[in-house]
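> Predicted coordinates and the sequence they were generated for:
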Amino acid sequence: MEYTYWQLVAFLLFYGILGWCVETAYAALKQRRFVNRGFFSLPICPQYGVMMDILIIALPTLKDHLILQFLMTLTVVSAVDYLSGALSKRIWRKKFWAYERNTLFGGEVKGSALAVAKAVVVLVAALLLHPFVFLAVELIPVFVLRFICMAALLVLLADFLTILFVIRKSVREDRLKEAREEFSQEQFSRQDRLGGKIYRAVWKRLDRAYPEMERLEGTGGGKPVFARGVCLDKLFWVFIICAFLGDLIETLYCRVTGGIWMSRSSVIYGWFSIVWGAGAALLTVVLQRLAKKDDRYVFLAGAVLGGVYEYMCSVFTEVFLGTTFWDYSWMPFNIGGRTNLLYCIFWGLLSVVWVKICYPVISGWIEKLPPLKAKAATWALILLMCCDALLSAAVMIRYVDRRAGEKADNAIEIFLDANYPDEMVERVWPNMKIQ
């Protein structure tokens with residue numbers, strides 16, 4: 001995929017601002033106060049924009065090799081982090097972060113682990129978030145995009161020249177130290193107007209949304225519990241855990257019965273089976289009232305519910321995506337090839353095991369998560385899963401259109417064709433059939 005220079009500038013600005021927001025939010029959650037994470041007076045960490053511009057150009061050349069994509073991301077992230085830290089030290093004559101240690105090249109376990117974690121986040125952003133950023137930028141008229149980019153670059157240049165001017169005027173070491181302190185205070189004051197407002201707004205929202213958690217933390221009246229009972233947070237984590245486990249189980253099943261490794265994922269990125277995850281959440285909600293009753297009640301309810309659910313999933317993919325992922329027409333007692341009596345029995349047995357054994361254990365694990373960090377992780381995972389699901393749907397629809405002989409006639413379809421070709425789609429969803 002080829003990008004214009006203005007698009008690359010727009011991506012650099014967007015991801016630079018996003019990187020500043022993420023780092024500032026992380027520091028705010030950790031220290032409970034606003035902390036400046038950039039070296040510009042403006043709220044931007046340009047190193048993240050540079051990383052992403054490099055990766056969105058380079059990663060598509062390795063789209064069939066996820067491990068190589070990660071190694072490239074890790075190398076780029078570490079190199080850009082190191083160089084930006086060294087550059088800021090040379091400009092300011094002061095280190096803003098331990099860039100020598102917190103990269104892959106630092107030779108320290110903690111620094112390498114931090115670099116790996118950051119590389120994972122950046123790779124996920126490049127694979128899942130960038131298609132939507134590209135779409136948003138593509139919707140901006142060209143002359144408007146140029147104006148926005150030029151204005152932003154001029155502001156950044158003016159800000160950078162101001163920094164150089166202050167340092168240049170302060171030749172003597174004592175004056176340099178004084179000027180640096182003055183400028184740092186001015187910089188913090190400027191960013192506090194934005195960052196402080198964001199920080200206060202976030203905590204005000206948390207206080208209003210979770211008053212009990214804040215009251216318990218503030219008064220010491222007991223340890224707060226994350227996702228107590230059957231709530232949306234609990235159901236989402238059930239969905240994520242079971243989607244992963246379901247994909248793993250199906251993959252191993254194909255290996256044992258068929259002798260081959262076959263992808264069973266529902267999404268283009270990650271090992272997640274939406275059918276298993278959503279099914280577990282559905283069983284949790286509907287069958288909770290039967291949890292204390294005899295097993296036969298859970299079995300019968302689960303068999304009926306599971307059969308209807310599997311049937312509706314098949315209808316959904318056929319109607320909205322034009323694809324079919326399973327067909328049981330060859331099995332006895334099937335219903336339209338979408339489900340059958342044997343699998344309904346399996347759903348019933350699975351419901352008993354889930355309600356009586358698995359869910360209580362998993363629920364206990366979830367409730368032991370740190371409340372505030374778990375809440376932040378929940379929303380981050382929700383965002384990523386939504387991006388992954390929407391992107392997967394777009395890739396499926398475009399694959400169906402390509403197979404029907406329809407040519408790409410807009411930038412979005414060209415992007416999908418370039419980054420998600422037929423061989424990649426068929427490798428991720430080998431059982432998918434076009435209606």
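That came through, no problem. Numbering: from 1, shown residues only.
> does residue 345 really touch residue 303, like I thought?
Yes. Taking C-beta atoms under 8 Å as the contact criterion, residue 345 and residue 303 are neighbours in contact, 6.2 Å apart. C-beta: built from backbone N, CA, C; applies to glycine.
> Report all helices and strands that the helix or strand harbouring residue 374 contacts.
Here residue 374 sits within helix 371-403, counting by DSSP states H and E. Packed against helix 371-403, as judged by 3 or more C-beta pairs under 8 Å, 6 or more residues apart in numbering; DSSP states H and E, are the following elements: helix 5-31, helix 130-138, helix 232-258, helix 295-321, helix 411-419, helix 422-428.
> and these as TSV, adding distance to residue 403, mean pLDDT and mean neighbour count?
Below are those laid out as TSV (distance: least, C-beta to C-beta, whole Å; pLDDT from 0 to 100; neighbours: other C-beta atoms under 10 Å):
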stretch	distance to residue 403	mean pLDDT	mean neighbour count
helix 5-31	29	86	19
helix 130-138	21	92	17
helix 232-258	24	90	17
helix 295-321	13	84	17
helix 411-419	12	89	17
helix 422-428	8	90	14
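> State the pLDDT value of the closest residue to residue 234 other than its chain neighbours.
Among residues not flanking residue 234 along the chain, residue 227 sits closest, at 4.0 Å (C-beta to C-beta, 6 or more residues apart in numbering). Predicted confidence (pLDDT) at residue 227: the value is 85.
> just residue 173 next, same as before
Confidence per residue is given as pLDDT, and for residue 173 that number is 46.
> Residue 368: how many residues sit nearby?
The tally of other residues near residue 368 (other C-beta atoms under 10 Å) stands at 10.
> how about the nearest residue to it, chain neighbours excluded?
Beyond its immediate neighbours in the sequence, the residue positioned closest to residue 368 (C-beta to C-beta, 6+ apart) is residue 226, lying 7.9 Å away.
> Quick check: that neighbour is in a helix.
No. The assignment for residue 226, made by DSSP: H, G, I helix; E, B strand; the rest coil, is coil rather than a helix.
> Sticking with residue 3, tell me its helix or strand.
Here residue 3, judged by DSSP H and E, is contained in no helix and no strand.
> residues in contact with the closest residue to residue 128 other than its chain neighbours?
Leaving aside its sequence neighbours, residue 128 sits nearest to residue 387 (C-beta to C-beta, 6+ apart; 4.3 Å). Residues near residue 387 by C-beta atoms under 8 Å, 6 or more residues apart in numbering: 128-129, 131-132.
> tally of neighbours for residue 272?
Considering only other C-beta under 10 Å, residue 272 is surrounded by 24 other residues.
> hang on, the earlier thing: how close does the residue nearest to residue 128 get to residue 124?
The spacing between residue 387 and residue 124, counted by C-beta to C-beta, to the nearest Å, is 9 Å.
> Same question for residue 10.
Taking C-beta to C-beta as the measure, residue 10 and residue 124 are separated by 20 Å.
> try residue 430
Taken as C-beta to C-beta, the spacing of residue 430 relative to residue 124 amounts to 24 Å.
> what stretches of this structure score poorly on pLDDT?
Applying pLDDT under 70 to the chain flags the ranges 1, 31-41, 86, 89-107, 163-223, 435.
> what's the distance between the residue nearest to residue 411 when sequence neighbours are not counted and residue 59?
Nearest residue to residue 411, sequence neighbours excluded (C-beta to C-beta, 6+ apart): residue 138, at 4.9 Å. Between residue 138 and residue 59 the distance is 19 Å, computed by C-beta to C-beta.
> Please apply the same query to residue 369.
Distance, residue 369 to residue 59, by C-beta to C-beta: 32 Å.
> Pick out whichever of the two has more residues nearby.
Set side by side, residue 369 and residue 59 show unequal neighbour counts under other C-beta under 10 Å, the larger going to residue 59 at 22 against 17.
> Contact partners for the more buried one?
Residues in contact with residue 59 (C-beta under 8 Å, 6+ apart) are 69, 72-73, 123, 126-127.
> Among those residues, which lie within helices?
69, 72-73, 123 (DSSP state H).
> quick one: which two of those are the most distant?
Using C-beta to C-beta, the ones in helices among the contacts of residue 59 span at most 8.9 Å, a distance reached by 72 and 123.
> Now for these two: what residues contact both?
In terms of C-beta under 8 Å, 6+ apart, residue 72 and residue 123 are both contacted by the residues 55, 59.
> wait, which of the helices and strands packed on helix 371-403 is closest to residue 341?
helix 295-321 (8.4 Å).
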